[in-house]
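Q: The following comprises the amino acid sequence and a computationally predicted model.
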Amino acid sequence: MTKLLITGKSGRMGQSLIQAGTENPQSEVTSTHDVGEDLAAAFAGVDAAIDFTVHQFTDEVLKAAIESNTPLVIGTTGHSDEQKARIEEAAKKLPIVFAPNFSIGVNTLFWLTSKAAQILGNDSFDIEVTEMHHRHKIDSPSGTARRLLDILNEETNTSYQDDVTHGRVGNIGPRPSKEIGMHTLRGGDVVGDHTVMFAADGERVELTHKASSRMTFASGAVRAAIWLQSQPAGLYDMQDVLGLKS
Ligand SMILES: NC(=O)C1=CN([C@@H]2O[C@H](COP(=O)(O)OP(=O)(O)OC[C@H]3O[C@@H](n4cnc5c(N)ncnc54)[C@H](OP(=O)(O)O)[C@@H]3O)[C@@H](O)[C@H]2O)C=CC1
Ligand SMILES: O=C(O)C1=N[C@H](C(=O)O)C[C@H](O)C1
């Protein structure tokens, strides 16, 4: 039985994670944490911690995990490159799964996006990405969209800095062929929609994933925490947990 700490216990994901960790026959939620509570005390005696909170809290979580030698699952998004580097550093001491999306469907979308970009390329096909989330989401683009852009950049020899355009306004002129458009939508209670579009003269391919329940992310994160129990220190993502890399 894997004893779990869930941080952000009152949050949307915190609530789903408590449910998923309780329902999974291989895990139990023995500790929770929220703003203002003692984090070191919350880490005492658990086998793994799952953090879906805010990026500003990640450094504190890493410190407490290292001090208590506790494997960590990080689902929080919105980190800067410097914060991501600190997660990589911590993973030299601890096993950490850090993933922008824990659903099996989105991890399949990552794989499909890579294959589609290899086949279609960005010469005759124009690539655009859209994401839509609920009105409360504070980071943009979503962590999942950032990962999709990383995949597209890698497959098309483009870069996030030079080739990704966020929205368009004004007299923008014709579309540069290498450009990748990124468009964020926010509204209502949308759990999480992502589309990668390849548009050419005469045809269009659209790869879309729509999440309708946060339990898909939560049960994936609990599965990752259980999987971490048998892993050495290192930085992993959900593709490792699902065996999609081998
Ligand atoms: N990787 C994945 O599969 C997924 C990732 N996410 C990501 O998870 C994160 C949380 O999303 P969601 O649950 O919707 O957000 P919520 O706003 O609902 O929850 C955030 C939680 O973090 C707590 N919190 C806020 N500030 C701090 C702080 N400084 N220190 C400690 N705790 C803090 C909040 O406490 P309080 O309420 O008291 O402020 C709350 O419990 C986001 O980054 C989101 O993008 C979401 C879904 C899937
Ligand atoms: O904040 C959310 O809700 C979500 N965040 C993740 C992201 O930023 O990609 C994953 C999911 O789409 C829901």
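A: That came through fine. Since the structure is predicted, the reported quantities are computational estimates derived from the model, not experimental observations. Residues are numbered from 1 along each chain as shown. Ligands and ions are numbered 1, 2, ... in the order given.
Q: who touches the residue of the chain found nearest ligand 2 in this structure?
A: Across the chain, no residue is closer to ligand 2 than residue 192, which sits at 2.9 Å (C-beta to the nearest ligand atom). Every C-beta, even on glycine, is put in place using the N, C-alpha and C of the backbone. Contacts of residue 192 were listed using C-beta atoms under 8 Å, 6 or more residues apart in numbering, and they are 101, 131-133, 142, 144, 210-211.
Q: show me the contacts for the nearest residue to residue 236 once chain neighbours are set aside.
A: Excluding its sequence neighbours, the residue lying closest to residue 236 (C-beta to C-beta, 6 or more residues apart in numbering) is residue 97, at 4.7 Å. Contact analysis of residue 97 by C-beta under 8 Å, 6+ apart lists 72-74, 224-225, 227-228, 236-238, 240-241.
Q: Three-state assignment for residue 97, please.
A: strand (DSSP: H, G, I helix; E, B strand; the rest coil).
Q: pLDDT, secondary structure and neighbour count for the contacts of residue 97 - can I get that in JSON lines?
A: Below are the contacts of residue 97 laid out as JSON lines (pLDDT from 0 to 100; DSSP: H, G, I helix; E, B strand; the rest coil; neighbours: other C-beta atoms under 10 Å):
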{"residue": "72", "pLDDT": "98", "secondary structure": "strand", "neighbour count": "27"}
{"residue": "73", "pLDDT": "98", "secondary structure": "strand", "neighbour count": "30"}
{"residue": "74", "pLDDT": "98", "secondary structure": "strand", "neighbour count": "28"}
{"residue": "224", "pLDDT": "98", "secondary structure": "helix", "neighbour count": "28"}
{"residue": "225", "pLDDT": "98", "secondary structure": "helix", "neighbour count": "30"}
{"residue": "227", "pLDDT": "97", "secondary structure": "helix", "neighbour count": "21"}
{"residue": "228", "pLDDT": "97", "secondary structure": "helix", "neighbour count": "25"}
{"residue": "236", "pLDDT": "97", "secondary structure": "strand", "neighbour count": "20"}
{"residue": "237", "pLDDT": "96", "secondary structure": "coil", "neighbour count": "20"}
{"residue": "238", "pLDDT": "96", "secondary structure": "helix", "neighbour count": "26"}
{"residue": "240", "pLDDT": "95", "secondary structure": "helix", "neighbour count": "18"}
{"residue": "241", "pLDDT": "95", "secondary structure": "helix", "neighbour count": "24"}
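Q: Which residues of this structure lie near ligand 2?
A: Within the chain, the positions adjacent to ligand 2 are 77, 100-101, 133, 137, 142-144, 192 by C-beta under 6 Å from any ligand atom.
Q: Among the residues you listed, which one has the most neighbours?
A: Within these, neighbour counts (other C-beta atoms under 10 Å) peak at residue 101, which reaches 27 neighbours.
Q: Quick one, grab the pLDDT at it.
A: At residue 101 the predicted local distance difference test score is 98.
Q: cool, and the one 3 residues further on?
A: At residue 104, the predicted lDDT confidence score is 95.
Q: what number of residues lie near it?
A: Residue 104, neighbours per other C-beta under 10 Å, totals 16.
Q: What's the separation between it and residue 92?
A: Plainly put, residue 104 is 28 Å away from residue 92 if you go by C-beta to C-beta, to the nearest Å.
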